[in-house]
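*Asks:* below: sequence and its predicted model.
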Amino acid sequence: MIAAAPALARPSRTRLDANTLLTRLLAARAAAANVTWVVRDWRTRPWASATFVGERHEALVEVAGNATAFIASLPEADLPVRGHLVADLAVASVAPQLYRLTALVLVEA
């Protein structure tokens, strides 16, 4: 009796979550602006309204370098996160070079 050949396994395509995508995007933007960006804390919780589903992100980040203009630009920045829409992003200073970011990220239908 001849055994059947095993099925070829397809490479896994893990879909990255909004948290990972947003973290990577912000780190890349900071690097492009020549800003040192260190995430001290990042928390995510589910969020939903009658018509939208998403997540609320809250991060504590430490920045160094010429970060003033970069930090000021974040609330108005276009932040393309695959499969999601960054609906709102706010930044508040906590201490010198330490900021709290809050973002509402919606899942695109």
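*Replies:* Looks like it arrived, so ask away. Small disclaimer: the values here were computed from a predicted structure and weren't measured. Residues are numbered from 1 along each chain as shown.
*Asks:* could I get the full set of helices for this protein?
*Replies:* Under the criterion DSSP state H, the chain contains helices at 18-32, 68-73.
*Asks:* how far is the longest one from where the chain is centred?
*Replies:* Think helix 18-32. Distance, stretch centre to chain centre, for helix 18-32: 6 Å (C-alpha atoms, centre = their mean, to the nearest Å).
*Asks:* touching, A67 and P96? I think so.
*Replies:* No: with contact defined as C-beta atoms under 8 Å, A67 does not count as touching P96 (10.6 Å). Where C-beta positions appear, they are placed from N, C-alpha and C, glycine not excepted.
*Asks:* more neighbours: which of the two?
*Replies:* Just comparing A67 and P96: by other C-beta atoms under 10 Å the higher neighbour count belongs to A67, 19 against 7.
*Asks:* so that one versus R43, what's the distance?
*Replies:* Applying C-beta to C-beta, to the nearest Å, the value for A67 to R43 is 22 Å.
*Asks:* quick one: residues contacting the spatially closest residue to F52 that is not a sequence neighbour.
*Replies:* For F52, the nearest residue in space outside its immediate sequence neighbours is L106; the separation is 5.0 Å by C-beta to C-beta, 6 or more residues apart in numbering. By C-beta atoms under 8 Å, 6 or more residues apart in numbering, the contact set of L106 is F52, V53, G54, H84, L85, A87.
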